[in-house]
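Engineer: just the structure for this:
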Amino acid sequence: MKNGKHVGVDVLGDPIAEIQNILDTFIGETQQIPPMYSAIKINGKKLYEYAREGIAVERNPRKITIYKIELINFNEEKKELTIKVECSKGTYIRVLAEDIAEKLGTVGTIKNLERTVVGDFKIEDAIRIDELEKLNIEEINKYVINVE
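Structural biologist: Residues are numbered from 1 along each chain as shown. Below you'll find the predicted structure:
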């Protein structure tokens, strides 16, 4: 609801295609303003510290790149999207979600966020702590990455 009326994707057409078309507009290099609740320092103080004090601080936009953005699922009944994003370092996904919602003519928030790749580390190569605890030292060493 926005100003007392429902806004959003035109469900008379193909909502999946329409949503993906909107998502595709985010692909490429752009500028993003970091949120107040971030660890970026301004004048030696983290933004979230200012935010907790109720002080708004001007933030400069930062260059980000969205390499790929894919609609995985759209639950029309719940008005929930599941998307997969490949992006540059420094991208604030919560800000991206707000921007996507705005382009869809609504508001939005993140229900679940899962980081699947960081640098050379991929989630499919990870092991859960409870699984690690069951392994012997030789098996554990298969997962150890030498920092040198």
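Engineer: just the strands in this structure please.
Structural biologist: 28-32, 41-42, 45-46, 62-75, 80-87, 117-118, 121-122 (DSSP state E).
Engineer: adding mean pLDDT and distance to residue 131, write these out as a markdown table.
Structural biologist: In short, each C-beta sits where N, CA and C put it, glycine included. Supplementary listing: those in a markdown table, determined by pLDDT from 0 to 100; distance: least, CB to CB, whole Å:
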| stretch | mean pLDDT | distance to residue 131 |
| --- | --- | --- |
| strand 28-32 | 96 | 36 |
| strand 41-42 | 93 | 38 |
| strand 45-46 | 94 | 35 |
| strand 62-75 | 95 | 26 |
| strand 80-87 | 94 | 25 |
| strand 117-118 | 89 | 20 |
| strand 121-122 | 89 | 16 |
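Engineer: and of those strands, who's closest to residue 109?
Structural biologist: strand 80-87 (10.4 Å; CB to CB).
Engineer: so for the closest one, what gets flagged as buried?
Structural biologist: 81, 83, 85, 87 (16 or more other CB atoms under 10 Å).
Engineer: re earlier: format the strands of the chain as CSV; extra columns: distance to residue 104.
Structural biologist: Rendered in CSV, the data for the strands of the chain read as follows (distance: least, CB to CB, whole Å):
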stretch, distance to residue 104
strand 28-32, 17
strand 41-42, 31
strand 45-46, 31
strand 62-75, 11
strand 80-87, 8
strand 117-118, 26
strand 121-122, 30
